[in-house]
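A.B. asks: Turn this into a structure:
(chains A and B)
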2 protein chains.
Amino acid sequence: MRELLRVAPGAAVDLRSVDPRSTPGLPGPEVTGPDRKAWARGQVVLLGAELGRQQEMLFADAKARAAGRPGRPAGAAGRVAAGRRVLLVLQAMDCGGKDGTVKRVAGAMNPLGLHVRSFGPPTAEELRHDFLWRVRRALPPPGYVGVFNRSHYEDVLAARVGALVPEPVWRARYDEINAFEREQADAGVTLVKVMLHISYAEQGRRLLERLDEPRKHWKYDPSDVDARARWDDYQAAYAEALSRCGTEAAPWHVVPADRKWYRDWAVAQLLRETFDTLDLGYPPAGFDVRRERERLLGSEGTRQMNGR
Amino acid sequence: MRELLRVAPGAAVDLRSVDPRSTPGLPGPEVTGPDRKAWARGQVVLLGAELGRQQEMLFADAKARAAGRPGRPAGAAGRVAAGRRVLLVLQAMDCGGKDGTVKRVAGAMNPLGLHVRSFGPPTAEELRHDFLWRVRRALPPPGYVGVFNRSHYEDVLAARVGALVPEPVWRARYDEINAFEREQADAGVTLVKVMLHISYAEQGRRLLERLDEPRKHWKYDPSDVDARARWDDYQAAYAEALSRCGTEAAPWHVVPADRKWYRDWAVAQLLRETFDTLDLGYPPAGFDVRRERERLLGSEGTRQMNGR
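C.D. replies: Residues are numbered from 1 along each chain as shown, chains lettered A, B, ... in the order given. This next block holds a predicted model:
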């Protein structure tokens, strides 16, 4: 899945060659049965449970290391960085399904070990700093699974299309982003960058749904239609960002996202495969188990019985 | 449920009078059927979906207000504070079930609108500030549901039992906490403070389970047995904190927690009843729906067709 959806580092990107309704990597009917949508929804639940287990091991490992213990035992310990964490970066056009992906895929994990951050238009304070300042402050701590709902990529997407900064400024950002992500990878952050790729027609349907359903009005913003009018400019900005910033250290993936059930399944799979590369395990006990057992079983005697 | 589990403001608290295996508020077998555990687990799933809906309305309402719009329509708007948010404060002895409650109850909500914070022993930096400094920094923003996994109450619990500060210092904190919580309530924070009440015997069973299951070793700490030896001191510290800080503005609730299925059900119910008092609803559209519909349906024509 990672190989299948990954933007090859350095390659040119043509988003028109990716059908937003396609389902790459989805098993054939001999596996999914006749209703592949129901199959995928069921798999997301199972994958979610597996992601929760992996997340717990990541968390436990970080806790042991923070206490100065070796974490994962034996040979594996030497191969992994100390500050390990996973960061899912979600980018998409409006209505691309970022919120739904967070809800269903991240929602399957334990909130205790999640670090979800949404990036809106920069505030006055954020604008006084360089564009990566707010991003650095939002990074997950070691042991956590972070999710960026939009990210520093808006600074080469919305900033570019809306001409919020001069061209030389946003052009310089590709290299700045690559240096930043390289630095994070070296510090133990495994980046999983995902563009949820929807079609112009599907965006139109979803915007109309938001207008026609009063409970969804809060999700609609008139500027969404302005951005829609700049669709091709945005697609070009995405293509260049994916091409310039699809690196070995932090690859980009394009997930066809017109079908929500495929999108959720594909992102869950990507995360699962990413966890697998981390070779996670529970850390060894940082105490003498037999001695603690004796202390515990003897503790009835040591209880200070004042007041009962 | 809120009334049933609530510590009456100003009342003395005797935790020995609350059976940790009891199930107050649970319907009788004519409602639950023969397997009340399975019933409660099923209810938690349903309640979770309802909590997710309420959470979304809270979030949508805050978004509208942040944009300078009135939020909830008509008469209700005047009755509610601008910066509304909900904060669940979880306290318990070790193994009391805080993590499990976060996982199952908070985990039913949308991670996008959750703000979960765990408090460990204060760091060197935290100790350089007053005890509420780190707590203020961890408060949920308007529109969010916050969860405190431990809290400022450790500063009158662990700090008291462990004699980390002199008695006059921790004694003064009851009033400081009440003033702080009053201030937060006035700012729109609805506090739901919950003590998960387990028995000494159940804690022993759970600690032993952590020792006997290598996958749970990471959750065990030898200091847990030291704290267990001070059980009665901790219970007394809890009783006084609940009594001194069970206020109208921020009531305490005692949830019997030896049975995990009851604990999850009771906390979910408490949250649900709390949401009900907020009289939430989706905010009215901040735009002209008909006009936006026309703009959207006409947007094919305005699309800038460069590059396709």
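A.B. asks: any idea of the mean pLDDT in stretch A:61-68?
C.D. replies: Stretch A:61-68 carries an average pLDDT of 87.
A.B. asks: ditto for stretch A:156-164
C.D. replies: 96.
A.B. asks: Double-check that residue A:4 belongs to a strand.
C.D. replies: No. According to DSSP: H, G, I helix; E, B strand; the rest coil, residue A:4 belongs to no strand; its state is helix.
A.B. asks: which residues does it contact?
C.D. replies: Shown in contact with residue A:4 (Cβ atoms under 8 Å, 6 or more residues apart in numbering or on different chains): A:24, A:25. All C-beta atoms are positioned from the backbone trio N, CA, C, and that covers glycine.
A.B. asks: Is residue A:52 in contact with residue A:112, as I believe?
C.D. replies: No. In this structure, residue A:52 is not within contact of residue A:112 by Cβ atoms under 8 Å, at 10.6 Å.
A.B. asks: More neighbours: which of those two?
C.D. replies: residue A:112 (21 against 16; other Cβ atoms under 10 Å in any protein chain shown).
A.B. asks: any idea of the pLDDT on that one?
C.D. replies: 95.
A.B. asks: That one touches residue B:99, doesn't it?
C.D. replies: Yes. Residue A:112 is within contact range of residue B:99, at 6.1 Å (criterion: Cβ under 8 Å).
A.B. asks: middle-most residue in chain A, spatially?
C.D. replies: residue A:88 (1.5 Å; Cα atoms, centre = their mean).
A.B. asks: so what secondary structure elements neighbour the helix or strand where that residue lies?
C.D. replies: Residue A:88 belongs to strand A:85-92 when elements are defined using DSSP states H and E. Counting contacts by 3 or more Cβ pairs under 8 Å, 6 or more residues apart in numbering or on different chains; DSSP states H and E, strand A:85-92 packs against helix A:36-66, helix A:98-104, strand A:145-149, strand A:189-197, helix A:260-277.
A.B. asks: what would the ones you listed look like in CSV with distance to chain B?
C.D. replies: Below are the helices and strands packed on strand A:85-92 laid out as CSV (distance: least, Cβ to the nearest Cβ, whole Å):
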stretch, distance to chain B
helix A:36-66, 4
helix A:98-104, 5
strand A:145-149, 7
strand A:189-197, 15
helix A:260-277, 14
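A.B. asks: pLDDT weak spots in chain A?
C.D. replies: Counting by pLDDT under 70, chain A contains low-confidence residues at A:70-81, A:299-308.
A.B. asks: rewinding a little: which of the helices and strands packed on strand A:85-92 sits closest to residue B:240?
C.D. replies: Residue B:240 sits nearest to helix A:36-66 of all the helices and strands packed on strand A:85-92, at 31.2 Å, using Cβ to Cβ.
A.B. asks: Which positions in that closest one come out as buried?
C.D. replies: A:36, A:39-40, A:43-44, A:47-48, A:51-52, A:54-65 (16 or more other Cβ atoms under 10 Å in any protein chain shown).
A.B. asks: Packing partners of it?
C.D. replies: Helix A:36-66 packs on helix A:29-32, strand A:85-92, helix A:260-277, going by 3+ Cβ pairs under 8 Å, 6+ apart.
A.B. asks: ok, and what's touching the longest one?
C.D. replies: Which is helix A:260-277. With Cβ under 8 Å, 6+ apart, helix A:260-277 has contacts from A:1-2, A:5, A:23-26, A:37, A:40-41, A:43-44, A:47-48, A:50-51, A:54-55, A:58, A:86, A:88, A:97, A:100-101, A:104-105, A:108, A:190, A:192, A:194, A:196, A:253, A:255-257.
A.B. asks: Isn't residue A:174 up against residue A:243?
C.D. replies: No. In this structure residue A:174 lies outside contact range of residue A:243 using Cβ under 8 Å: 9.1 Å.
A.B. asks: which of those two has more neighbours?
C.D. replies: Neighbour totals were compared for residue A:174 and residue A:243, and residue A:243 leads with 18 against 15 (other Cβ under 10 Å).
A.B. asks: tell me which element that one is part of?
C.D. replies: Judged by DSSP H and E, residue A:243 forms part of helix A:231-245.
A.B. asks: Would you mind putting the CA coordinates of that helix into PDB?
C.D. replies: Extracted in PDB, the C-alpha atoms of helix A:231-245 (Å, rounded to 0.1, in the frame of the first residue of the first chain):
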ATOM      1  CA  TRP A 231      -9.500  24.500  -8.600                       C
ATOM      2  CA  ASP A 232      -6.900  24.100 -11.300                       C
ATOM      3  CA  ASP A 233      -4.500  26.500  -9.600                       C
ATOM      4  CA  TYR A 234      -4.800  24.500  -6.400                       C
ATOM      5  CA  GLN A 235      -4.300  21.200  -8.300                       C
ATOM      6  CA  ALA A 236      -1.100  22.600  -9.800                       C
ATOM      7  CA  ALA A 237       0.100  23.800  -6.400                       C
ATOM      8  CA  TYR A 238      -0.600  20.400  -4.900                       C
ATOM      9  CA  ALA A 239       1.200  18.700  -7.800                       C
ATOM     10  CA  GLU A 240       4.300  20.800  -7.300                       C
ATOM     11  CA  ALA A 241       4.300  20.400  -3.500                       C
ATOM     12  CA  LEU A 242       4.000  16.600  -3.800                       C
ATOM     13  CA  SER A 243       6.700  16.500  -6.300                       C
ATOM     14  CA  ARG A 244       9.100  18.900  -4.600                       C
ATOM     15  CA  CYS A 245       8.500  17.500  -1.000                       C
END
